[in-house]
Each structure stands twice: as C-alpha cells, then as structure tokens.
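Asker: test case, fold it:
(chains A and B)
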Amino acid sequence: MNAARLMRLLLLALVAGMPFGLQAQDLIHSEKSLYRQVLVYEDGETRCMCFTVRCSTGRQTCLYIKNPDQLALGYSTMMLSSLYLEPNPKSILIVGLGGGVLPRTLSQLVPDAQIDVVEIDPAVTRVAEKYFLFKQGPKLKVSEMDGRVFVKRAIRDKKTYDIIMLDAFDHEYIPEHLLTQEFLEEVKALMHPGSVLAANTFSGSGLYNFESVTYQKVFGEFYNLKTQNRVILARIGGLPTMAQITENTSLFESALAKFRMSADDVLPLFNKRVDWDPKARVLTDQYSPANLLNSR
Amino acid sequence: MYSIVLYLVAGWSGFFVMGVELLGGRLLAPYFGSSIYVWGALITIFMLALSIGYLVGGRLSIHSPSLKKLGIILILAALTVSPMLLFGTSMLDAVSTAILDPRFGSLIGSAVLFFIPTIISGMVSPYAIRLLVDDRATSGRNAGHLFFVSTFGSAAGTIMTSFYLVLWLEVNQILITMIAISLVLGLVACLVPKNRRDE
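Answerer: Numbers count the residues shown, from 1 in each chain, chains lettered A, B, ... in the order given. Now for the predicted structure:
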C-alpha cells in the first residue's frame, strides 16, 4: 500500500468516526492499562474520560473544567437521588469509580458516611486523581479489585452498606458477570432492611427487558428513572412513597445547589411503571449472553 | 466407515476442547472476574494440559492401538468434565476464598477443573495419527489431514459456543449436550469393525 492511499484511508476512517464523538476534542492524556486504554479528552468546556478513541463508544465521566463541582452527566443526579430514599447513610459502596464524580460529590453531601469504592483498573484511579479532582481519604477508600470479587469477600466479612451504587462499565457496557441474578443476590446480601440500591444502566439497550426482569426478581418493585440512562432505585423492605421522597429532598436542596442539581430535575423521573416485557428471560450465571443480546 | 469415524472423533474432540474452554471462562467470571489474566490463566492450563496429552497419547499409541481405545479416550475426556456440573461452583468458591490473588486463583481454579479432561482430550490427535498412518511416505499427509480436521473442529467449537450456544442454552445445558455427543461418538468408535490393516 503506498503512502497516499494509506493517508486517504486514514482520513476516511477519521471522518467516519466523527459523528460518534464530540467535536474538536483534544487528547490531553492517554494511559495504557492491563484492561484498556484510558483516554482523557477536552473540548474547551468539558473534560471527559473515555475508553475508546474519540469516545466512539461513549464517555465514562465528564466534568466542567471551570466548575468541576457541577454535575456534567445527567445520570449522576439520578444516582445521587438514592439519598432521597436513604437520607442518612453511614456506609456507601460504589462499584466502578470512573472519574470519581459520585464519591467526590457524596463525600461533600454526606461527609460522615464511610465510602468504599471498588475499581478494577488502577489506571482509572490514577487518571481520576490526576484529571478529575478525585481524592482518597480516611472516609473514602478505593479497593483495586473486580466488583464481584469484592462483593463476595465483603459478604464473607459480614459487611453491610446503607447505600450501594452499581456503576461499573467497560468500553461497551456493564460486564456480563455483573448483570446476573446471582450477582444481584450477592449485592443484596450486603444490604439490610432500609438499604438502598442505585444501579446505572442504559434505557435504549437491547438488554433493557432482560435487565428489568432480573432486577425485579431480586429486589421486587423499584423506581425506574429514565433519560438516556436508566437508573434503578430499589430498597430492602419496600419503597418509600413519593410523599416521603419529596419530603427528604428538602434535606439536600441547599447543599445540592453547589453541584447545580435540584430535586426538581429528578423528581418527575420517578416512576414505578412496568415498561418492559415481563416474560423476558432472567439473566443468570448460567445464562448471561449480555453483550450478544445488547448488540442485537 | 473406519476413517470417517476416526476423523469425526478427532474433529469433535477439537470442538469439545474449545467449547469447554470458553464455558470455563464463564464459570470463572463470578469468582475471579473476566479480565485478560483470567483468560490467560485458563488458556495456560489448556495449553499445558494439551501438551502433556500429546506426549501421553503418542506414548499410548505404541502398544496395539485401536479405534476402540480412541473411543474410550473420548469417553474418558467427557466423563472427567462432568464433575464440573456438580462441584464446579463450590470448588471455585473454595479456591477464591483460599487464594486472594485473582491471577493465581483463576490459574489454580482452571487447573482443578480442566487439567485432567484436557490432558485426555490432548491424547486424541497423536493417537488418531497412529491409526491413520500406513507408511512413512504418506505419514505427513495423514498427519496434515488430521490436524486440519481437529483444528477445524476447534474453530467450529469456538465460534459456535461464543456466538450462538451461550445465547440458546445455559452453560450446564451446553456442557451436558457436549458430554452426551462425546459419549455417543466414543461408543460408535468402540463398535466400528476393525480395519483390515489393523489385523
């Protein structure tokens, strides 16, 4: 292949990739890890962490460069609204660090809570600390481990958490072994009556039906918050009413202003309607072709 | 008939090994994750076991080799996979409790579950070559045919398992189906009349 032809092909590939990414992104950092390439892009206003070139399969996390406290991705506010179901958590587990926006925000909103984060990729933790203002401390610790392995060990150590957030994604979607009924039952074993689960998923994925019946099988009825992302909010011992939730929002409203988040953004999203096929097959360790189903 | 069954056994054995290997990744994931080192541990164990299987199979082929004995090898490989169905999860649970490092945990876990059956599967190819070869002049061609069939079987087992079977069936259902096919094929190999050239 001659050089001109190669150049043309490269240009073509570049143009073809454009519509999926952000416009005019500058790559400011790139780091290889055991799992992937961790990339940091800036486009003037925002800085994002991605696992694929030009963020072609989505962004792991973003922040506004001039106002890093402001929540840049809508799903963060939906995940944080788990606080309306459990306003006074003493212990929080977050599976999947990303840029650390959730733990960083939580440690300001509920400073007394002990926050455990499990992140498989030490490069992600390094990048979060260097580019996304994430800091570990006595109340906020990251364990470098597979999420499921962490959960299994925490069960053996008889730990429980008041809030558990599932936010583990690879470049495509949630890893298959973190989508199954057995995994969710293990997560449930770390919860006690009153504990709240918040799980980040996608609204438009081919897995929507499968995921929904699997969560329902393990946790029963849940609040289903949908935008581009879908956040599942479940509680052990039954969901609080909308009246209770609305009442709890007042506890955080002033603190949330700093993050440019308001209960008004998320309250209208709370919904218990079953909008999936209840006959879909439950995902189990024996049957979890999640990525195959997702790409259908 | 004789050589058709012989090639079928070799091709199926290739399919079986790769099917089990991919499902092994599924079985390990809840305990060790599905990172590159988990797959690395799994593939290491399979390659090591196959290499030993080649040695043993070649050695066995010296003393009065027969298609019947090849059938028995196939049956044994299937039978030694079956404990996985009953004790796989509790075994992996024990290993992951005892060994905290997921790299060596998955290595030991893979070894316990897959080492023996894969050694036995590895015996199939050299043994089958011995049954095929008539003389030195055609031995290379015979070996080529056999490698083609068994590696083609492996390719088929890999794509079928990872693209389709996991979508249609549960992990244990796939394993049971594959074990059943091995048993039937092994039995057929035992019953096929002797080739004239063996007599």
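Asker: what's the neighbour count on residue A:83?
Answerer: Residue A:83 is flanked by 24 other residues according to other Cβ atoms under 10 Å in any protein chain shown. For the C-beta atoms, the positions are set from N, CA and C on the backbone; glycine is no exception.
Asker: residues contacting it?
Answerer: Residues near residue A:83 by Cβ atoms under 8 Å, 6 or more residues apart in numbering or on different chains: A:89, A:109-110, A:163, A:248, A:252.
Asker: try residue A:76
Answerer: Applying Cβ under 8 Å, 6+ apart to residue A:76 gives the contacts A:101-102, A:105.
Asker: tell me which of those fall in helices.
Answerer: Those of the contacts of residue A:76 mapping onto helices are A:101-102, A:105, per DSSP state H.
Asker: with respect to chain B, which of these is nearest?
Answerer: Nearest to chain B among those, counting by Cβ to the nearest Cβ, is residue A:102 at 21.3 Å.
Asker: hang on, isn't the closest one packed against residue A:165?
Answerer: Yes. Using Cβ atoms under 8 Å, residue A:102 is in contact with residue A:165, at 6.2 Å.
Asker: and the residue of chain B nearest chain A?
Answerer: For chain B, Cβ to the nearest Cβ, closest residue to chain A: residue B:33, 3.2 Å.
Asker: spatially nearest residue to that residue (excluding sequence neighbours)?
Answerer: Of all residues not flanking residue B:33 in the chain, residue A:146 sits nearest, at 3.2 Å (Cβ to Cβ, 6 or more residues apart in numbering or on different chains).
Asker: could you measure from the one you found over to residue B:42?
Answerer: Residue A:146 sits 15 Å away from residue B:42, going by Cβ to Cβ, to the nearest Å.
Asker: which of the three states applies to residue B:15?
Answerer: Of the three states, residue B:15 takes helix according to DSSP: H, G, I helix; E, B strand; the rest coil.
Asker: which ones are touching the residue nearest to residue B:33?
Answerer: Contact analysis of residue A:146 by Cβ under 8 Å, 6+ apart lists A:118, A:120, B:32-33, B:35, B:102.
Asker: any idea how far chain B is from the closest residue to residue A:41 other than its chain neighbours?
Answerer: Spatial nearest neighbour of residue A:41, chain neighbours left out: residue A:25 (4.2 Å); criterion: Cβ to Cβ, 6+ apart. For residue A:25, the distance to chain B (Cβ to the nearest Cβ, to the nearest Å) stands at 27 Å.
Asker: so what's residue A:25 scoring on pLDDT?
Answerer: pLDDT for residue A:25: 80.
Asker: burial count for residue B:134?
Answerer: Based on other Cβ under 10 Å, the number of other residues close to residue B:134 is 9.
Asker: then residue B:95?
Answerer: Count around residue B:95 with other Cβ under 10 Å applied: 22.
Asker: for chain B, what are the nearby residues on chain A?
Answerer: Neighbours of chain B within chain A, by Cβ under 8 Å from any Cβ of the partner chain: A:34-35, A:120, A:145-146, A:148-149, A:152, A:156, A:175-177, A:180, A:182-183, A:284-289, A:292-293.
Asker: low-confidence stretches in the chain?
Answerer: You didn't say which chain, so I picked chain A. Under the criterion pLDDT under 70, the flagged ranges of chain A are A:1-24, A:295-296.
Asker: nope, chain B
Answerer: Scanning chain B for pLDDT under 70 picks out the ranges B:195-199.
Asker: how about the residues of it near chain A?
Answerer: Contact residues, chain B versus chain A (Cβ under 8 Å from any Cβ): B:26, B:29-37, B:96-97, B:102, B:163, B:166-167, B:169-173.
Asker: that's a strand at residue A:201, yeah?
Answerer: Yes. Counting by three-state DSSP, residue A:201 is located in a strand.
Asker: run a quick neighbour tally on it.
Answerer: Neighbour tally, residue A:201, other Cβ under 10 Å: 23.
Asker: now residue A:67, nearest residue through space, not along the chain?
Answerer: Excluding the flanking residues, the one nearest residue A:67 by Cβ to Cβ, 6+ apart is residue A:260, at 7.7 Å.
Asker: how close does the one you found sit to residue A:63?
Answerer: 12 Å.
Asker: so what sits against both of the two?
Answerer: residue A:70.
Asker: quick one, strands of chain B?
Answerer: For chain B, no strands are identified by DSSP state E.
Asker: repeat that for chain A.
Answerer: With DSSP E as the criterion, chain A has strands spanning A:26-32, A:37-42, A:46-50, A:59-64, A:91-95, A:114-119, A:140-144, A:163-166, A:196-202, A:223-226, A:229-235.
Asker: can I get the ones you listed in TSV with distance to residue B:9?
Answerer: Below are those laid out as TSV (distance: least, Cβ to Cβ, whole Å):
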stretch	distance to residue B:9
strand A:26-32	44
strand A:37-42	44
strand A:46-50	49
strand A:59-64	48
strand A:91-95	46
strand A:114-119	46
strand A:140-144	46
strand A:163-166	46
strand A:196-202	46
strand A:223-226	53
strand A:229-235	49
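Asker: what's the closest of those to residue B:135?
Answerer: Nearest to residue B:135 among the strands of chain A is strand A:26-32; the distance by Cβ to Cβ comes to 53.6 Å.
Asker: what sits up against that closest one?
Answerer: Contacts of strand A:26-32 (Cβ under 8 Å, 6+ apart): A:37-43, A:47, A:123, A:126-127, A:130-131.
Asker: just among the residues you listed, which is most surrounded?
Answerer: Using other Cβ under 10 Å as the neighbour test, those are led by residue A:127, with 26 neighbours.
Asker: so who does residue A:58 touch?
Answerer: For residue A:58, the contact set (Cβ under 8 Å, 6+ apart) comprises A:50, A:171.
Asker: distance of it relative to residue A:47?
Answerer: From residue A:58 across to residue A:47, the span is 15 Å (Cβ to Cβ).
Asker: returning to what we had before: of residue A:260 and residue A:63, give the one with the bigger neighbour count.
Answerer: Using other Cβ under 10 Å as the criterion, residue A:260 and residue A:63 rank with residue A:63 on top: 23 against 14.
Asker: please name the bridge partners of the more buried one.
Answerer: Beta bridges link residue A:63 to residue A:47, residue A:71 when assigned by DSSP bridges.
Asker: would you confirm that it contacts residue A:72?
Answerer: Yes. Residue A:63 is in contact with residue A:72 according to Cβ under 8 Å; the separation is 5.4 Å.
Asker: list residues touching both of the two?
Answerer: Jointly contacting residue A:63 and residue A:72 under the rule Cβ under 8 Å, 6+ apart are A:46, A:101.
Asker: related to what we said a few turns ago, out of the contacts of residue A:83, which comes closest to chain B?
Answerer: The closest of those, once distances to chain B are taken by Cβ to the nearest Cβ, is residue A:163, at 23.4 Å.
Asker: just the buried subset of the contacts of residue A:146, written out for PyMOL, thanks.
Answerer: Of the contacts of residue A:146, the buried ones go into a single PyMOL selection, burial set by 16 or more other Cβ atoms under 10 Å in any protein chain shown:
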select buried, (chain A and resi 118+120) or (chain B and resi 32+33+35+102)
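Asker: reformat the contacts of residue A:146 as JSON lines; add distance to residue A:169.
Answerer: Conversion of the contacts of residue A:146 to JSON lines gives the following (distance: Cβ to Cβ, whole Å):
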{"residue": "A:118", "distance to residue A:169": "13"}
{"residue": "A:120", "distance to residue A:169": "11"}
{"residue": "B:32", "distance to residue A:169": "19"}
{"residue": "B:33", "distance to residue A:169": "14"}
{"residue": "B:35", "distance to residue A:169": "15"}
{"residue": "B:102", "distance to residue A:169": "20"}
